[in-house]
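>>> Structure for this input, please:
(chains A and B, ligands or ions: 2)
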Amino acid sequence: MAMEMRDLPKKETKDQMLTIVQAVNDGMRTLLETDDRIMLLGEDIGKNGGVFRATEGLQEVFGADRVVDTPLSEAGIIGASVGLAVNGFKPIAEIQFLGFIYPAYEQVMTHVSRLRMRTMGRYTVPMVIRAPYGAGVRAPEIHSDSVEALFTHMPGIKVVCPSTPYDAKGLLIAAAEDPDPVLMLEPMRSYRAKREEVPSGRYTVEIGKGKRVKEGTDITLIAWGAMMPVVEKAAEQAEKSGISCDVIDLRTLYPLDRDLIAESVQKTGRAVIVHEAHFTGGLGNDIVSMINDTSFLYLRAPIERVTGFDVPVPFFALEEHFLPTPARVVQAIEKAVHF
Amino acid sequence: MTENRHKSIGLSDETAVEMYKTMLLARRLDERMWLLNRSGQIPFVISCQGQEAAQVGAAFALDRSKDYVLPYYRDMGVVLSFGMTAADIMLSGFAKAEDPNSGGRQMPGHFGQKKNRIVTGSSPVTTQVPHAVGIALAGKMEKKDLVTFVTFGEGSSNQGDFHEGANFAGVHKLPVIFMCENNKYAISVPVEKQLACEKVSDRAQGYGMPGFTINGNDPIEVYKYVKEAAERARRGEGPTLIETITYRLTAHSSDDDDRAYRSREEVEQAKSNDPILTFKAYLKDTGAMDEKMEKAIDAEITRQVDEATEYAESAPYAKPEDALTHVYAEEQ
Ligand SMILES: Cc1ncc(C[n+]2csc(CCOP(=O)(O)OP(=O)(O)O)c2C)c(N)n1
Ligand SMILES: [Mg+2]
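Ligands and ions are numbered 1, 2, ... in the order given. You can find the predicted model right below:
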């Protein structure tokens, strides 16, 4: 029980080509191997290996005591994880789809995020909640929600959202090491989209730090998770008409990487923010405010936002009309550049 | 000759055969959906297969001219009994504009059709349960003598919504029938890992209502229990919890591979008790249906399924701008 986190021996740290979902799996495997206090809880995560196969093979190796198939009850999963965390364990709870966190929303809003504060730090809840999110896989109502703003709004919980296999594993391990609760949103539609080299063994990606994925001078594009491929495609297209894009993958949605955003916008003087969540109350608004606070006098055009619409994520036959597309992003880029 | 159990509870041969037809239609539509899914024509299927007897037996025991049903995603047998058509089902499978459930907004299997008092549900399991309680309360306030019938899986009976709904109905003695379709799995998780009590029906006691565990493969038995529950409800004696023991003959859905968590022998064993086959045999043994009728029913159902498929396939999708409608009352 008292086994501390430790780095794996060097010999094991060779790279492997993994998808995002495999990287998440590898991250949990690494955590289970190196920290006895890690436990996984969720629906169908054991024998079945998770409906997306994120926990595949883990119960076989680490046993049903550490990789727990819970009853079908999200409030129970998150509430029990709070109890585990309070008693010294480090639970990683899987919510099958982000849209199924609502029965547990009370636990998140009233306990996960506040326990530390109301006990003046005597009790803490270092736990991770993992949830696939977002549309674009023709999954219907509720299965396609992208409601990160419901959580970034609530102080006391951090929110991360990787867009690459490397970041997925690194952020997961960082989340598990964090002294506070972290919600990790996993872009369902990118789960198997591409492979990338991922080191085996333990490494972290710092929470709170975004990443510049493309250097440019004319306009800043800001996105995360499943919108990264869309934005990167748009940047390529804009490039063809001579517009040079500085592309930022936020990676952490709370706390935001204020320095990176400010530095980029002060250089380019323009910004487009892209998210698939609804327009009103979306995280884009907080980023606009942050740019106002840090970089208002550098701006050469109003900040553009390309988002989902203010309707519940619609039916799968029409989801392409809901989700931001490279074409919509290019339009916004041109609008800003030709302002 | 097999004992005629349907006559003894007041069911005519015609009605018993009608029940069989409805079960078979549900089965054949479901099978067709899988074929369409595997050939890439519809995105998703979630099946009724193995649970048709419980569904149709129960629905036939209700007053189909005034009661309300709040089905869960497997309940094709319930909604077909309550007036949904084969074409309606296929339109939802293809997510076409004319789909009566939601104009293609929801998963196939997430039923709702106002004219037939099939109340819309959604993907988060068990959330329909308290709605049934409220509809029953409204009916009681207006002295409408209606019963509400709500279903859910055994895994779903762990959600707070079940417990809160059942308790509310118990306290206020509301005319609700809670029916659990216990198919022994919640996706991959077997019932032993879901429930600490032996039976879902044990939970009734905590909410002041009678609870029964019955054979969900036998539509006659299910009919009998649901009929009695409906009568109790109409007499003002309150809710009932009925657990029907069934088996899910397919994978959880078209996105699931059940070989990862249950043996083929177990599934084969369950198939030998397939309620479609056992009820057919029963009807023939009791003389309610003969070879000729059986053939005619088969042909008729194949024709219905073909027609429904063709109709839905060629029906138009919703227009892109439809994605933006119905969020609020539309301006005139
Ligand atoms: C709140 C919520 N959590 C998770 C899911 C994902 N999910 C869909 S069906 C299902 C299993 C349901 O099992 P059971 O209640 O036994 O019904 P069955 O499918 O076996 O008929 C799960 C976990 C969901 N739909 N809603
Ligand atoms: Mg079940």
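
>>> Would you mind finding the longest helix in chain B?
Counting by DSSP state H, the longest helix found in chain B is helix B:13-38.

>>> That one and chain A in contact?
No. Shown here: helix B:13-38 not in contact with chain A (Cβ under 8 Å from any Cβ of the partner chain), separated by at least 11.5 Å. C-beta here means a position set from N, CA and C on the backbone, and glycine is covered the same way.

>>> relative orientation of the host helix or strand of B:I276 and helix B:13-38 in degrees?
B:I276 belongs to helix B:275-285 when assigned by DSSP states H and E. Relative orientation of helix B:275-285 versus helix B:13-38 (axes from the mean of the first three to the mean of the last three Cα atoms, to 10 degrees): 150 degrees.

>>> Packing partners of helix B:275-285?
In terms of contacts (3 or more Cβ pairs under 8 Å, 6 or more residues apart in numbering or on different chains; DSSP states H and E), helix B:275-285 is packed against helix B:13-38, helix B:52-60, helix B:219-234, helix B:291-314.

>>> Would you mind listing what in chain B touches ligand 2?
Contact residues (Cβ under 5 Å from the ion) of chain B with ligand 2: B:153-154, B:183, B:186.

>>> farthest-separated two in the residues you listed?
Pairwise distances across these (Cβ to Cβ) peak at 8.8 Å, for the pair B:N183 and B:A186.

>>> re the thing from before, could you dump the helix holding B:I276 to PDB, C-alpha only?
Output of helix B:275-285 as PDB, limited to C-alpha atoms (Å, rounded to 0.1, in the frame of the first residue of the first chain):
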ATOM      1  CA  PRO B 275     -39.800 -17.100 -26.700                       C
ATOM      2  CA  ILE B 276     -40.800 -16.800 -30.400                       C
ATOM      3  CA  LEU B 277     -40.200 -20.500 -30.900                       C
ATOM      4  CA  THR B 278     -41.800 -21.600 -27.600                       C
ATOM      5  CA  PHE B 279     -44.900 -19.500 -28.000                       C
ATOM      6  CA  LYS B 280     -45.300 -20.600 -31.500                       C
ATOM      7  CA  ALA B 281     -45.100 -24.200 -30.400                       C
ATOM      8  CA  TYR B 282     -47.600 -23.500 -27.600                       C
ATOM      9  CA  LEU B 283     -50.100 -22.000 -30.000                       C
ATOM     10  CA  LYS B 284     -49.900 -24.900 -32.300                       C
ATOM     11  CA  ASP B 285     -50.100 -27.400 -29.400                       C
END
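
>>> List the buried residues of it.
By neighbour count with 16 or more other Cβ atoms under 10 Å in any protein chain shown, helix B:275-285 contains the buried residues B:275-276, B:279-280, B:282-283.

>>> Touching both of B:N183 and B:A186, which residues are there?
B:153-154 (Cβ atoms under 8 Å, 6 or more residues apart in numbering or on different chains).

>>> what's around A:P302, how many residues?
12 (other Cβ atoms under 10 Å in any protein chain shown).

>>> Isn't it up against A:A336?
Yes. Between A:P302 and A:A336 a contact is recorded at 7.3 Å, counting by Cβ atoms under 8 Å.

>>> domain parsing for chain A?
Domain ranges of chain A: A:15-199, A:211-337, per automatic domain parsing.

>>> Which one of these lies nearest to B:R203?
Checking the domains of chain A against B:R203 by Cβ to Cβ gives domain A:15-199 as the closest, at 12.9 Å.

>>> and the closest one, is it in reach of chain B?
Yes. Using Cβ under 8 Å from any Cβ, domain A:15-199 reaches chain B at A:43-44, A:46-49, A:51, A:69, A:71-73, A:75-76, A:99-100, A:102-103, A:138-143.

>>> so which of these also contact ligand 1?
The residues of the residues of domain A:15-199 next to chain B that also fall near ligand 1, by Cβ under 6 Å from any ligand atom, are A:43, A:72, A:100, A:103.

>>> who are the neighbours in contact with B:F111?
B:F111 neighbours (Cβ under 8 Å, 6+ apart): B:71, B:73, B:75, B:78-79, B:84, B:92, B:101, B:118, B:120-121.

>>> Wait, a strand at A:R138?
No. Going by DSSP: H, G, I helix; E, B strand; the rest coil, the assignment for A:R138 is coil, not a strand.

>>> Now do it: how many residues are near it, please.
16.

>>> Find the residue closest to it in space, skipping its chain neighbours.
Distances taken as Cβ to Cβ, 6 or more residues apart in numbering or on different chains put A:F316 closest to A:R138, at 4.0 Å, once the chain neighbours are dropped.

>>> distance of the one you found from A:I222?
As judged by Cβ to Cβ, to the nearest Å, A:F316 and A:I222 stand 28 Å apart.

>>> These two: which has the busier surroundings?
Using other Cβ under 10 Å as the criterion, A:F316 and A:I222 rank with A:I222 on top: 29 against 23.

>>> Does that one fall in a helix, a strand, or a coil region?
Per three-state DSSP, A:I222 ends up strand.

>>> quick one, longest helix in chain A?
Max-length helix for chain A by DSSP H is helix A:20-34.

>>> Pick out the residue of the stretch 201-339 of chain A closest to ligand 2.
Here the stretch 201-339 of chain A gets closest to ligand 2 at one residue, A:F316, 24.5 Å apart by Cβ to the ion.

>>> Tell me who's in contact with that residue.
Going by Cβ under 8 Å, 6+ apart, the list of residues near A:F316 reads A:138-140, B:43, B:95, B:104.

>>> re earlier: quick one: list the elements packing against the longest helix of chain A.
In terms of contacts (3+ Cβ pairs under 8 Å, 6+ apart), helix A:20-34 is packed against strand A:38-42, helix A:58-62, strand A:90-94, helix A:165-177, strand A:182-187, strand A:196-199.

>>> Show me where the stretch 101-250 of chain B has its strands.
Assigned by DSSP state E, counting those that start in this stretch, the strands in the stretch 101-250 of chain B fall at B:148-153, B:176-182, B:185-186, B:189-190, B:211-215, B:240-245.

>>> and the residue of chain B found nearest ligand 1, how many neighbours does it have?
Proximity of chain B to ligand 1 (Cβ to the nearest ligand atom) peaks at B:G153, 2.0 Å away. Counted by other Cβ under 10 Å, the residues lying close to B:G153 total 27.

>>> Can you pull the poorly scored residue ranges out of chain A?
Scanning chain A with the threshold set as pLDDT under 70 gives A:1-13.

>>> how close does A:A85 get to B:A61?
Relative to B:A61, A:A85 is positioned 48 Å away (Cβ to Cβ).

>>> Look up how far B:N183 lies from the residue nearest the centre of chain B.
The centroid of chain B falls nearest to B:D75 when counting by Cα atoms, centre = their mean (2.2 Å). As judged by Cβ to Cβ, B:D75 and B:N183 stand 12 Å apart.

>>> Equivalent analysis for B:G139, please.
Note on B:G139: its distance to B:N183, by Cβ to Cβ, is 30 Å.

>>> what about those two, which has more around it?
Per other Cβ under 10 Å, whichever of B:G139 and B:N183 has more neighbours is B:N183, with 24 against 21.

>>> in stretch A:262-278, what's buried?
So, applying 16+ other Cβ under 10 Å, buried residues of stretch A:262-278: A:262-265, A:267-278.

>>> For these, work out which two are farthest apart.
For these, the farthest-apart pair by Cβ to Cβ is A:K267 and A:H278; their separation is 29.7 Å.

>>> And for the nearest residue to A:S113 once chain neighbours are set aside, the neighbour number?
Spatially, and ignoring its direct neighbours in sequence, A:S113 is nearest to A:G156 (3.3 Å; Cβ to Cβ, 6+ apart). If you count neighbours by other Cβ under 10 Å, A:G156 ends up with 19.

>>> for the one 3 residues further on, same thing?
Look at A:V159: counted by other Cβ under 10 Å, it has 26 neighbours.

>>> Please apply the same query to the one 5 residues further on.
Using other Cβ under 10 Å, A:T164 has 23 other residues around it.

>>> Also A:S295?
Under the neighbour criterion other Cβ under 10 Å, A:S295 is assigned a count of 21.

>>> I am finished for the moment; much appreciated.
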